[in-house]
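Peer 1: I would like the atomic coordinates for the input below:
(one chain, ligands or ions: 2)
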Amino acid sequence: MFIKSVSLHNFRNYGDEEVSLSEGLNVFRGNNAQGKTNFLESIYLCSIGKSPKTSKERDLINWKENSAKVKVVVQKKYYEQTIEIMLSSKDKKTVKINLIPIRRIGDLIGEMPVVYFAPDEIGLIKDGPAERRRFLDIDISQMNKNYFYALLKYDKLLIERNNLLKKTKSFETLLDTIDLWDTQMADTASKIIFYRLDFLNKIRKPAMDVHLLITNNMENLEINYQGIKSNVLSEIREKLYKSYKSTIERDFDLGYTTVGPHRDDVEIKINGVDIRNFGSQGQQRLATLSMKVAELEIFTELSGEKPILLLDDVLSELDNYRSKNFLSAIKNYQTILTTTKYTRKLDEKDSVFSVKNAKIERVK
Ligand SMILES: Nc1ncnc2c1ncn2[C@@H]1O[C@H](COP(=O)(O)OP(=O)(O)OP(=O)(O)O)[C@@H](O)[C@H]1O
Ligand SMILES: [Mg+2]
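Peer 2: Ligands and ions are numbered 1, 2, ... in the order given. Down below sits the predicted model:
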């Protein structure tokens with residue numbers, strides 16, 4: 001699929017702006033603080049239903065206004081689709097697909113899958129496990145609604161279980177009541193882990209291949225799930241159920257649940273070295289990119305539609321040959337890329353836009 005046009009109304013620093021995009025690479029070039037990241041954010045919002053940067057929706061509305069709107073027109077294989085998001089400083093946001101309001105955000109997820117990369121995303125490797133889980137959660141949700149709903153359910157159960165751990169006075173009373181939660185937690189959590197393992201199994205090989213390609217065979221990328229490892233759902237469930245039981249004393253002392261998918265992590269290695277701790281900035285950045293590129297393939301395989309790639313200022317830390325290899329690895333996907341400078345010789349098909357003080361103009 002590809003985005004044909006994006007219309008903005010009072011979104012962030014924008015007033016009214018409409019942009020027609022091309023199917024291949026779309027480069028958005030401009031100085032700092034002109035609206036490049038804001039433009040990508042508006043597209044991400046139409047895909048995921050929230051901003052990658054903030055949970056405060058008021059921040060997305062132009063400071064001088066009280067409401068904002070973003071509309072994208074997407075060309076899918078067999079039909080065209082419109083996604084609109086209306087934000088208001090007073091009411092809850094409304095999302096419409098082909099003019100029809102949706103009832104829950106789950107109905108939007110997966111309609112227009114995007115793979116997003118911004119400088120912050122490097123946190124996926126550098127920061128803590130929470131960032132890595134966020135990456136899994138957002139990206140798997142887009143491919144698999146069951147995963148999305150399992151996450152919502154698990155979050156709720158976890159809060160309830162933690163409340164129980166905190167508030168129950170005696171350990172004996174806790175033992176009498178907790179099983180109801182452990183059973184439900186194990187049911188839901190096992191699905192989450194099962195889908196995560198499945199996802200990592202799918203991206204492992206393509207990510208390694210892409211990474212070898214971009215680094216001219218210098219770097220071998222390895223990705224592994226740190227948590228329960230089993231391909232059998234019932235086995236995962238059984239193990240989880242047992243670990244909720246075996247850690248109950250510790251959980252009671254601490255007042256929260258210490259095992260489960262909300263504590264798992266992803267191990268990322270290059271040539272055998274754990275780059276979460278020992279990777280250079282460029283290495284960490286490129287490993288993240290390779291994982292994102294691998295996802296493009298998986299998305300396409302699963303849905304039959306190509307996702308859209310949103311890249312915020314990615315080339316700044318890659319050396320020339322890595323940038324070149326990277327751009328050639330993504331050439332079959334619609335890509336919207338921002339940059340402050342751009343020197344690579346453009347392909348015939350590439351489009352270039354200038355972004356200046358919230359005005360977007362096509363240059364090529
Ligand atoms: N709600 C808002 N209303 C008005 N302006 C806003 C709002 N939110 C952010 N801005 C402004 O939008 C401007 C552009 O931000 P943006 O992050 O898109 O810049 P950029 O072009 O990506 O710059 P850089 O190259 O530095 O990343 C910023 O100066 C910011 O203060
Ligand atoms: Mg920016």
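Peer 1: for this protein, longest helix please?
Peer 2: helix 179-214 (DSSP state H).
Peer 1: strands paired with the following helix or strand past that one, and their directions?
Peer 2: Going down the chain from helix 179-214, the next helix or strand is strand 221-226, by DSSP states H and E. In the sheet, strand 221-226 lines up against strand 265-270 (antiparallel) (DSSP bridges).
Peer 1: need the residues that contact the partner strand.
Peer 2: For strand 265-270, the external contacting residues (C-beta atoms under 8 Å, 6 or more residues apart in numbering) are 125, 129, 132-133, 135-136, 200, 211, 219-227, 274-276, 279, 283, 287. All C-beta atoms are positioned from the backbone trio N, CA, C, and that covers glycine.
Peer 1: quick one, which of the residues you listed are buried?
Peer 2: By neighbour count, with 16 or more other C-beta atoms under 10 Å, the contacts of strand 265-270 hold 125, 132-133, 135-136, 200, 211, 219, 221-223, 225, 227, 275-276, 279, 283, 287 as buried.
Peer 1: on that earlier part again, mind listing what's buried in the longest helix of the chain?
Peer 2: Neighbour-count burial for helix 179-214 flags 181-182, 184-197, 199-200, 202-204, 206-212, 214 (criterion: 16+ other C-beta under 10 Å).
Peer 1: other SSEs contacting that helix?
Peer 2: helix 129-143, helix 145-167, strand 221-226, helix 233-246, helix 281-303, helix 320-329 (3 or more C-beta pairs under 8 Å, 6 or more residues apart in numbering; DSSP states H and E).
Peer 1: which of the ones you listed is buried the deepest?
Peer 2: Compared across the helices and strands packed on helix 179-214, helix 281-303 shows the largest average neighbour count, a mean of 21 (mean count of other C-beta atoms under 10 Å).
Peer 1: and the helix or strand following that one, what's buried?
Peer 2: Counting by DSSP H and E, the element after helix 281-303 in chain order, helix or strand, is strand 308-312. In terms of neighbour count (16+ other C-beta under 10 Å), strand 308-312 has its buried residues at 308-312.
Peer 1: excluding its backbone neighbours, what's nearest the closest residue to ligand 2 within the chain?
Peer 2: The minimum distance from the chain to ligand 2, using C-beta to the ion, falls at T37 (3.2 Å). Of all residues not flanking T37 in the chain, D312 sits nearest, at 5.5 Å (C-beta to C-beta, 6 or more residues apart in numbering).
Peer 1: for that neighbour, report the pLDDT, please.
Peer 2: Per-residue confidence (pLDDT) for D312: 94.
Peer 1: one more: D347?
Peer 2: Listed pLDDT for D347 reads 66.
Peer 1: go on, Y79?
Peer 2: Y79 carries a pLDDT value of 96.
Peer 1: coming back round to it: for the helices and strands packed on helix 179-214, which one sits closest to E57?
Peer 2: Closest approach to E57 among the helices and strands packed on helix 179-214 (C-beta to C-beta): helix 129-143, 17.6 Å.
Peer 1: who touches that closest one?
Peer 2: Outside helix 129-143, the residues within contact range by C-beta under 8 Å, 6+ apart are 47-48, 109-110, 113-115, 121, 123-125, 147-148, 151, 195-196, 199-200, 261-266, 291, 295, 298-299, 302-303, 307.
Peer 1: what residues does the chain put near ligand 2?
Peer 2: Within the chain, the residues that sit near ligand 2 (C-beta under 5 Å from the ion) are 36-37.
Peer 1: per the annotation, how does the chain divide into domains?
Peer 2: Here the domain parsing of the chain from automatic domain parsing is 1-113+305-364, 128-303.
Peer 1: any weak-confidence spans in this protein?
Peer 2: Counting by pLDDT under 70, the chain contains low-confidence residues at 342-348.
Peer 1: interface residues of it facing ligand 1?
Peer 2: Those residues of the chain that sit near ligand 1, judged by C-beta under 6 Å from any ligand atom, are 12-13, 30, 32-38, 59, 61-63, 340, 355.
Peer 1: looking at those, which are in strands?
Peer 2: Counting by DSSP state E, these place V355 in strands.
Peer 1: now the residues of the chain next to ligand 1: which count as buried?
Peer 2: By 16+ other C-beta under 10 Å, the residues of the chain next to ligand 1 give 12-13, 30, 34-38, 61-62, 355 as buried.
Peer 1: what's the most distant pair in those?
Peer 2: G30 and I61 (21.8 Å).
Peer 1: of all residues in the stretch 101-250 of the chain, which one is closest to ligand 1?
Peer 2: Relative to ligand 1, the nearest point of the stretch 101-250 of the chain is P119 (8.4 Å; C-beta to the nearest ligand atom).
Peer 1: distance of that residue from Q281?
Peer 2: With distances taken as C-beta to C-beta, to the nearest Å, P119 is found 10 Å from Q281.
Peer 1: over to K359?
Peer 2: For K359, the distance to Q281 - C-beta to C-beta - is 33 Å.
Peer 1: what does V95 show for phi and psi?
Peer 2: phi -120, psi 130 (degrees, to the nearest 10).
Peer 1: should've said F117
Peer 2: phi -140, psi 120.
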